[in-house]
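*Asks:* heads up, no residue letters with this:
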């Protein structure tokens, strides 16, 4: 019985080896077939990356082997852009948050900020006054709360500012907080209400009941949906600007937006329109 089966087993083994040798090799992207084997072609030029004369930077980018954890490229919208369920890109919403400048302007500079954040304080003291002096008639500046996670004082200050807004004195309260750098405690925030002339009974009723806790949280969650991670983060005409930036950098962006108007106002002071690449350097 064994002797009879042996020729058949030998034939099966031989036939299997024959099929294996003749089976074509298929390579899936980003690999291509070369010399009977698959090689990496991350720049998709139909040439094995290892066979090219690449610079050190290109070799690091294209010739490094893929790892299981390497993210795949997708066509999803950037994290700074929010979409609805149908995938339609939405603009950055100013909501009903306090604003100043030209209320009719469609050029919005929206800040997501934290009263306890030193970079936001610096922007408010050093940069915002220059922006408003130069472009205040052309833009609308909106402040939205983005208190640091687990920072109780930042949360309290944000809620207190909403209570001031309830009495239509948001900017007085807001400016006082940034100008004086008070410790953001219950007592100090109440004192700011007194200093800025708020109805203290109405303020206390609002503040101590945490009337705007959910409102502040909603601002923060919406900011996170837009890709905000830290204070300060700005959006100028829906373009994300992460972190503190000098007036000079904001000025370049405004020159892009108001090029024709500024050229007429300043004459040769603006000689050529920017390429628009200035946004590339902004994420901090």
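*Replies:* Received the coordinates, thanks. Because the structure is predicted, anything quoted here is derived from the model rather than measured.

*Asks:* shaky segments in this protein?
*Replies:* For the chain, the stretches with pLDDT under 70 are 1-91, 93, 95, 182, 263-264, 266-284.

*Asks:* Going along the chain, name the helices of it.
*Replies:* With helices called from DSSP state H, the chain shows them at 2-22, 56-58, 118-122, 128-135, 152-166, 170-180, 186-195, 200-207, 213-225, 247-257, 259-266.

*Asks:* Output these in JSON lines; the columns should cover distance to residue 110 and mean neighbour count.
*Replies:* In short, each C-beta sits where N, CA and C put it, glycine included. Formatted as JSON lines, the helices of the chain follow (distance: least, C-beta to C-beta, whole Å; neighbours: other C-beta atoms under 10 Å):
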{"stretch": "helix 2-22", "distance to residue 110": "63", "mean neighbour count": "9"}
{"stretch": "helix 56-58", "distance to residue 110": "36", "mean neighbour count": "10"}
{"stretch": "helix 118-122", "distance to residue 110": "13", "mean neighbour count": "17"}
{"stretch": "helix 128-135", "distance to residue 110": "13", "mean neighbour count": "16"}
{"stretch": "helix 152-166", "distance to residue 110": "16", "mean neighbour count": "22"}
{"stretch": "helix 170-180", "distance to residue 110": "15", "mean neighbour count": "18"}
{"stretch": "helix 186-195", "distance to residue 110": "24", "mean neighbour count": "16"}
{"stretch": "helix 200-207", "distance to residue 110": "25", "mean neighbour count": "16"}
{"stretch": "helix 213-225", "distance to residue 110": "9", "mean neighbour count": "16"}
{"stretch": "helix 247-257", "distance to residue 110": "13", "mean neighbour count": "17"}
{"stretch": "helix 259-266", "distance to residue 110": "21", "mean neighbour count": "13"}
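
*Asks:* And the ones you listed: which comes nearest residue 240?
*Replies:* helix 213-225 (10.9 Å; C-beta to C-beta).

*Asks:* Please name every helix or strand in contact with that closest one.
*Replies:* strand 140-145, helix 152-166 (3 or more C-beta pairs under 8 Å, 6 or more residues apart in numbering; DSSP states H and E).

*Asks:* Look at the nearest residue to residue 202 once chain neighbours are set aside and say how many residues are nearby.
*Replies:* Take residue 202 and drop its neighbours on the chain: the residue closest to it by C-beta to C-beta, 6 or more residues apart in numbering is residue 167, 6.4 Å away. Applying other C-beta atoms under 10 Å, we find 17 residues neighbouring residue 167.

*Asks:* Quick one: residues contacting residue 167.
*Replies:* 198, 199, 202, 203 (C-beta atoms under 8 Å, 6 or more residues apart in numbering).

*Asks:* Find the nearest non-adjacent residue to residue 215, please.
*Replies:* For residue 215, ignoring the flanking residues on the chain, the nearest one in space by C-beta to C-beta, 6+ apart is residue 162 at 5.8 Å.

*Asks:* actually residue 128, sorry about that
*Replies:* Spatial nearest neighbour of residue 128, chain neighbours left out: residue 141 (7.2 Å); criterion: C-beta to C-beta, 6+ apart.

*Asks:* Check the gap between the nearest residue to residue 170 once chain neighbours are set aside and residue 140 for me.
*Replies:* Take residue 170 and drop its neighbours on the chain: the residue closest to it by C-beta to C-beta, 6+ apart is residue 98, 4.4 Å away. Counting by C-beta to C-beta, to the nearest Å, the gap from residue 98 to residue 140 is 11 Å.

*Asks:* Residue 161 and residue 176 touch, don't they?
*Replies:* No: with contact defined as C-beta atoms under 8 Å, residue 161 does not count as touching residue 176 (10.0 Å).

*Asks:* Compute the number of surrounding residues for residue 199.
*Replies:* Residues near residue 199, counting by other C-beta under 10 Å: 13.

*Asks:* how far away is it from residue 205?
*Replies:* Where residue 205 is concerned, residue 199 sits at a distance of 9 Å (C-beta to C-beta).

*Asks:* Check residue 234 too.
*Replies:* Residue 234 sits 33 Å away from residue 205, going by C-beta to C-beta.

*Asks:* and if you look at residue 170?
*Replies:* Residue 170 sits at a distance of 17 Å from residue 205 (criterion: C-beta to C-beta).

*Asks:* list the contacts for residue 178?
*Replies:* Contacts of residue 178 by C-beta under 8 Å, 6+ apart are 115, 120, 121, 124, 125.

*Asks:* Show me which of the residues you listed is closest to residue 217.
*Replies:* Nearest to residue 217 among these: residue 115, at 15.5 Å, using C-beta to C-beta.
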